[in-house]
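K.L.:
Here is my input; please provide its structure:
(one chain, ligands or ions: 1)
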Amino acid sequence: MAERKVGDICGSSASTTSDDHPKDTLDLKPEDGDPESPEAQKDQDLKSVLVTSVLNLEEIDVDLYRGTHHWVPRTQRLFGGQIIGQALVAAAKSVGDNLYAHSLHCYFVRAGDPKVPVLYQVDRIRDGRSFTVRSVRAIQHGQPILICQASFQMLQPSPLQHQFTMPAVPPPEDLLTAEELIRLYLSKPDLAEKYKLGLNKLLAIEVPIEIKPVNPPVFYKVTASEPKNLFWVRARGYIGEGNMKLHCCVAAYVSDFALLGTALLPYPGYRAQFAASLDHAMWFHSTFRSDEWMLYECESPWAGGSRGLVQGRLWRRDGVLAASCSQEGVLRVKPVTRPSKL
Ligand SMILES: CCCC(=O)SCCNC(=O)CCNC(=O)[C@H](O)C(C)(C)COP(=O)(O)OP(=O)(O)OC[C@H]1O[C@@H](n2cnc3c(N)ncnc32)[C@H](O)[C@@H]1OP(=O)(O)O
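P.N.:
Residues are numbered from 1 along each chain as shown. You can find the predicted model right below:
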């Protein structure tokens, strides 16, 4: 099969070598296939969460859907990535199979309430010849918590194609997952009790994403660093090929995870008292598999006025730029008080 050209927008087959464009339906059921195959055995318990639960909306009426929650941050505000991913699923449901998500822009206008489901109301703004635009309001208690616009395009290859170069980093096989790092820290005999509680709480969180930090933090010896971060990410569980809209929705979910924290890296003397994403924009550049390791390159070019701007680039392992995102978040901090040495 011919290698796919870089620059195919998000939507055709999720494999990186394919010369056909399978019908891209948004059927969120796990791919049919051999349930006993090694791939399909991966994280069976979490496959149902991302593919058949978090991003599998219930249709209430035409252009009206309902989403449920799985993992909720300790802030007890709904995770922004979940609301973005579900909004993109809702938008994509009214878009033809020959159209592929290429961008979305969202504002988070109220905190999501984990005690009630989210309704997604889709407005069919325009169906153009090449581009189709949808507007989605995520609603709880009768009020919008997120407003999102998403745009879809027909495949329209072009001779104009370029991208930055992917950073040179160790492959994921040479790195530890966040959970393995926490267990390593917990294994230290001199670890203070107060740290053990926090680390065990982190271990107990069932985040449907696997993460391998490229530069793991030196535990509790936080030092100032540039506002840049790199980690390998992938959805837990098997999603399979041929469902590019779903991979875009999963990437939208993943893209909001640990992104805003990049802006805090130069300030180890402060901790966030209140941090929340204000907006989120994302662009899909090429086909990719969100259930395979991708490098997430994060940086924060600016912070000020109790806000931080962060940007991310998701790279395929073969060096192709899969997606880019930008986000501004509110960051209200207070000095970290350390026990005095006296
Ligand atoms: C890194 C996490 C990534 C995420 O997933 S966050 C989830 C997605 N994003 C969101 O949920 C944000 C949704 N949007 C909103 O909640 C509101 O638009 C937003 C950003 C709070 C602004 O609303 P406003 O009414 O203007 O808010 P506000 O300025 O009155 O502040 C509301 C909350 O901030 C807190 N706050 C205000 N001044 C503060 C200060 N000096 N130090 C610390 N905290 C402070 C205030 O307590 C309030 O918090 P809370 O809502 O009561 O929990």
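K.L.:
Looks to me like Gly85 is in a helix.
P.N.:
Yes: according to DSSP: H, G, I helix; E, B strand; the rest coil, Gly85 belongs to a helix.
K.L.:
how about the residue nearest to the spatial centre of the chain, secondary structure?
P.N.:
Centroid check for the chain by Cα atoms, centre = their mean gives Val254 as the closest residue, at 1.5 Å. Following three-state DSSP, the label given to Val254 is helix.
K.L.:
need the contact list for it.
P.N.:
Gly81, Ile209, Val233, Arg234, Ala235, Ser290, Tyr296, Leu314 (Cβ atoms under 8 Å, 6 or more residues apart in numbering). Just so you know, the C-beta spots here come from the backbone N, C-alpha and C atoms, and that holds for glycine as well.
K.L.:
repeat that with 7 Å
P.N.:
Counting by Cβ atoms under 7 Å, 6 or more residues apart in numbering, Val254 touches Gly81, Ile209, Val233, Ala235, Ser290.
K.L.:
and it, how far is that from Glu193?
P.N.:
Separation of Val254 from Glu193 (Cβ to Cβ, to the nearest Å): 33 Å.
K.L.:
again, but for Glu297
P.N.:
Noted for Glu297: a distance of 36 Å to Glu193, by Cβ to Cβ.
K.L.:
So for the two, which residue has more residues nearby?
P.N.:
Each of Glu297 and Glu193 has its neighbours counted (other Cβ atoms under 10 Å); Glu297 has more, 20 against 6.
K.L.:
residues making contact with the host helix or strand of that one?
P.N.:
Using DSSP states H and E, Glu297 falls within strand 294-304. Under the contact criterion Cβ under 7 Å, 6+ apart, strand 294-304 has outside partners 166-167, 169, 227-234, 259, 262-263, 288, 308-316, 322, 331.
K.L.:
ok, Ser151 - contacts?
P.N.:
Contacts of Ser151 by Cβ under 7 Å, 6+ apart are His102, Ser103, Phe131, Val133.
K.L.:
The same query, at a cut-off of 10 Å, please.
P.N.:
By Cβ atoms under 10 Å, 6 or more residues apart in numbering, Ser151 lies in contact with 91, 95, 99, 101-105, 125-126, 128, 131-134, 283.
K.L.:
Please report phi then psi for the closest residue to Thr68 other than its chain neighbours.
P.N.:
Take Thr68 and drop its neighbours on the chain: the residue closest to it by Cβ to Cβ, 6 or more residues apart in numbering is Pro117, 5.5 Å away. Per-residue torsions, Pro117: phi -70, psi 170 (degrees, to the nearest 10).
K.L.:
Quick one: distance of the strand holding Glu297 to the chain centre.
P.N.:
14 Å (Cα atoms, centre = their mean, to the nearest Å).
K.L.:
what do you get for stretch 328-339?
P.N.:
For stretch 328-339 - counting by Cα atoms, centre = their mean - the centre lies 24 Å from the chain centre.
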